[in-house]
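Engineer: Model the following, please.
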Amino acid sequence: MIITKAGRRMFPAMRVKISGLDPHQQYYIAMDIVPVDNKRYRYVYHSSKWMVAGNADSPVPPRVYIHPDSPASGETWMRQVISFDKLKLTNNELDDQGHIILHSMHKYQPRVHIIRKDCGDDLSPIKPVPSGEGVKAFSFPETVFTTVTAYQNQQITRLKIDRNPFAKGFRDSGRNRMGLEALVESYAFWRPSLRTLTFEDIPGIPKQEDILQTSLMVQWLRICLSMEDTWIQSLVWKDPS
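Structural biologist: Here you go, the predicted structure:
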């Protein structure tokens, strides 16, 4: 995932569809991005692999992206696909634009938070997400990514430019797109898959408000940055309850 000093939009962007909320209750929806481990990585070209290069850089200031439609009723959230396409990533630790601050060459995990309004009094873009009975975080290992300031693999560069609507200036209008389609079809993982998630109850919340029973259907077009296993996959998660 590319990061820049000025801030770069995530691509692919995280999009979620939520069900199981109390239609009349108000909720915030937010997203943060946390380190997967305490390692720094480097890309080894001759083996086309990411390898551990040492310890992670010092932690960066916490940042939270609060969805601009927040707060909204459960009914409002459940009838739309919630997109985080305006979230931007930066490696500028002095950023004052509200972008998510990350280190290059590190692995990160996006987390989506559902926060009941009465539990979100301390919610801030520059503070960690509050914890408590009315807060639930969702994360999926398939959405882990590695940050870079420039793509380390030509196939990834090609796929991102062709699929990213904000990369129009990089495209050659006369390019034969058959090469891209052949590349996509060459990977066996190019198929939708279904993941089942179940959640424990949150103590102290009435059943009709129990956001731990909330199910997330996440539609995620992911370009995996593990050069050992480059693939694109469409993923759907749904709680069967």
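Engineer: Quick check: closest non-adjacent residue to Q97.
Structural biologist: Nearest-residue entry for Q97: G7, 6.1 Å, with adjacent residues in sequence omitted and distances by Cβ to Cβ, 6 or more residues apart in numbering. All C-beta spots, glycine's among them, are computed from the backbone N, C-alpha and C.
Engineer: Same question for Y108.
Structural biologist: I33 (4.9 Å).
Engineer: residues near the one you found, how many?
Structural biologist: The number of residues packed near I33 is 23, by other Cβ atoms under 10 Å.
Engineer: my guess is it meets R111, correct?
Structural biologist: Yes. Counting by Cβ atoms under 8 Å, I33 touches R111, with 7.2 Å between them.
Engineer: can I assume Y28 is in contact with G120?
Structural biologist: Yes. Using Cβ under 8 Å, Y28 is in contact with G120, at 4.6 Å.
Engineer: joint contacts of these two?
Structural biologist: P71 (Cβ atoms under 8 Å, 6 or more residues apart in numbering).
Engineer: what's the spacing between the closest residue to V129 other than its chain neighbours and G120?
Structural biologist: The spatially closest residue to V129, leaving aside those adjacent along the chain, is H113, at 5.1 Å (Cβ to Cβ, 6+ apart). Look at H113 and G120: by Cβ to Cβ, to the nearest Å, they are 9 Å apart.
Engineer: now could you export just the CA positions of stretch 108-127 as PDB?
Structural biologist: Output in PDB follows, covering the C-alpha atoms of stretch 108-127 (Å, rounded to 0.1, in the frame of the first residue of the first chain):
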ATOM      1  CA  TYR A 108      -0.500  -3.200   9.200                       C
ATOM      2  CA  GLN A 109      -4.100  -4.400  10.000                       C
ATOM      3  CA  PRO A 110      -7.200  -2.200   9.300                       C
ATOM      4  CA  ARG A 111      -9.900  -2.300  12.000                       C
ATOM      5  CA  VAL A 112     -13.500  -1.200  11.700                       C
ATOM      6  CA  HIS A 113     -15.100   0.000  14.900                       C
ATOM      7  CA  ILE A 114     -18.800   0.300  15.700                       C
ATOM      8  CA  ILE A 115     -19.300   2.600  18.600                       C
ATOM      9  CA  ARG A 116     -22.700   3.300  20.200                       C
ATOM     10  CA  LYS A 117     -23.100   7.100  20.500                       C
ATOM     11  CA  ASP A 118     -23.400   7.200  24.300                       C
ATOM     12  CA  CYS A 119     -20.000   5.400  24.400                       C
ATOM     13  CA  GLY A 120     -18.300   7.800  21.900                       C
ATOM     14  CA  ASP A 121     -18.000  10.900  24.000                       C
ATOM     15  CA  ASP A 122     -14.200  10.600  24.000                       C
ATOM     16  CA  LEU A 123     -14.000   9.600  20.300                       C
ATOM     17  CA  SER A 124     -11.300  11.700  18.600                       C
ATOM     18  CA  PRO A 125      -9.200  11.500  15.400                       C
ATOM     19  CA  ILE A 126      -6.000  11.900  17.500                       C
ATOM     20  CA  LYS A 127      -6.800   9.500  20.300                       C
END
